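J.: what's the 3D shape of this:
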Amino acid sequence: MSLDLWVWLYLLCCVGAANLPWLSTRLLGIWDTPTGDKGIWMCLLEWLLLALLTGAFGFFLEWRSSGALHPKSGEFYVILLLLFGVFAVPGFIYRQVYLPFMARRAAAPASPGDSAEVPGADAADVSAEDGGAGQAKPGS
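T.: All right, here's what the predicted structure looks like:
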């Protein structure tokens, strides 16, 4: 396998690992939690652990491909952690924004105004001058 393919596979692995805590209710995708759901702190701890594991896997791939580990400064590790955070954004938004929104939407009673009508076009706004073609008055 070429080095380019290994880099793309590693990035795909990082994206999957960064989103795993947010997309699964199991610890590391394997073990059930005692309460059946993970809190945000458990997800953050799991995310940090997976960031460290994928970083270690990256070091292994570097050592395997070049035979040595190249020196890195502190900026490298900060950028690595922040990039892992960027990779986790879709899973975080799914768990912390989308799922609660859908739960509130399912629990909310249907109001009479929730029909598939065109917004801003009431039956009173239809002009009799157009022959009942269903055109709304300008400015309504």
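J.: what pLDDT, on average, does the strand or helix carrying Phe57 get?
T.: Secondary structure from DSSP states H and E places Phe57 in helix 40-66. For helix 40-66, the mean pLDDT works out to 87.
J.: That one: how far from the chain's middle?
T.: Distance of helix 40-66 from the chain centroid (C-alpha atoms, centre = their mean, to the nearest Å) equals 19 Å.
J.: Which strands or helices does it pack on?
T.: helix 3-23, helix 74-87 (3 or more C-beta pairs under 8 Å, 6 or more residues apart in numbering; DSSP states H and E). (Each C-beta comes from the backbone N, C-alpha and C, glycine too.)
J.: weakest of those in terms of mean pLDDT?
T.: helix 3-23 has the lowest average pLDDT among the helices and strands packed on helix 40-66, namely a mean of 86.
J.: Only the buried residues of that one, if you could.
T.: The neighbour-count check on helix 3-23 (16 or more other C-beta atoms under 10 Å) flags Cys14, Val15, Ala17, Ala18, Asn19, Leu20, Pro21, Trp22 as buried.
J.: quick one: which of those is nearest to Ala88?
T.: Ala18 (3.9 Å; C-beta to C-beta).
J.: how far away is the closest one from Trp8?
T.: To Trp8, Ala18 is 16 Å away according to C-beta to C-beta, to the nearest Å.
J.: for Leu52, same thing?
T.: Applying C-beta to C-beta to Leu52 and Trp8 gives a distance of 22 Å.
J.: and what of Ser73?
T.: From Ser73 across to Trp8, the span is 25 Å (C-beta to C-beta).
J.: now do Phe87
T.: Look at Phe87 and Trp8: by C-beta to C-beta, they are 14 Å apart.
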